[in-house]
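In: All I have is the shape, not the residue letters:
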């Protein structure tokens, strides 16, 4: 376990730094910018999903554990994207105002 941390020390520091930076950036975003930020996050999630599918295509078909984990990851990624677009749509409806009836 100690060997893992000593071999990957720079990557661990980078991950911790990115986590703190991400929390600070998201916490200081004004409420008006949350919708565009969420749309951008959905686009990035879509790119990640395509990458995950491409990686799954290279997995050996007899490696059932990797295939199962990859399938679960792709399914959860698709749920994340669909949920993000659903929430973004609802947020945009809140800002659009009420429609006039005829």
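Out: Structure's in. What do you need? All figures in this text were calculated on a predicted structure; none of them were measured in a lab.
In: Give me the residue at the spatial middle of the chain.
Out: residue 45 (4.4 Å; C-alpha atoms, centre = their mean).
In: What ranges in this protein fall below the confidence cut-off?
Out: For the chain, the stretches flagged by pLDDT under 70 are 98-102.
In: That one: helices as residue ranges?
Out: 2-7, 9-27, 34-57, 64-96 (DSSP state H).
In: counting contacts, what elements does the second one pack onto?
Out: Which is helix 9-27. Applying 3 or more C-beta pairs under 8 Å, 6 or more residues apart in numbering; DSSP states H and E, we find helix 9-27 packed against no helix or strand. (Each C-beta comes from the backbone N, C-alpha and C, glycine too.)
In: quick one: contacts of that helix?
Out: 5, 37 (C-beta atoms under 8 Å, 6 or more residues apart in numbering).
In: And the shortest one, by the same measure?
Out: With contacts defined as C-beta under 8 Å, 6+ apart, helix 2-7 is touched by residue 12.
In: Show me how far that helix is from its chain's centre.
Out: Mean-position distance between helix 2-7 and its chain equals 28 Å (C-alpha atoms, centre = their mean, to the nearest Å).
In: cool, and stretch 25-40?
Out: What separates the centre of stretch 25-40 from the centre of its chain is 14 Å, taken as C-alpha atoms, centre = their mean.
In: And the residue nearest to the centre of the chain, how close does it get to residue 82?
Out: 10 Å (C-beta to C-beta, to the nearest Å).
In: Now the common contact residues for these two.
Out: What both residue 45 and residue 82 touch, as defined by C-beta under 8 Å, 6+ apart, is an empty set.
In: Burial check on the residue lying closest to the residue nearest to the centre of the chain once chain neighbours are set aside, number of neighbours?
Out: Nearest non-adjacent residue to residue 45, counting by C-beta to C-beta, 6 or more residues apart in numbering: residue 81, 5.0 Å away. A count of neighbours around residue 81, defined by other C-beta atoms under 10 Å, yields 18.
In: Ok, the one 3 residues further on next?
Out: By the criterion of other C-beta under 10 Å, residue 84 has 17 neighbours.
In: That'll do, ta.
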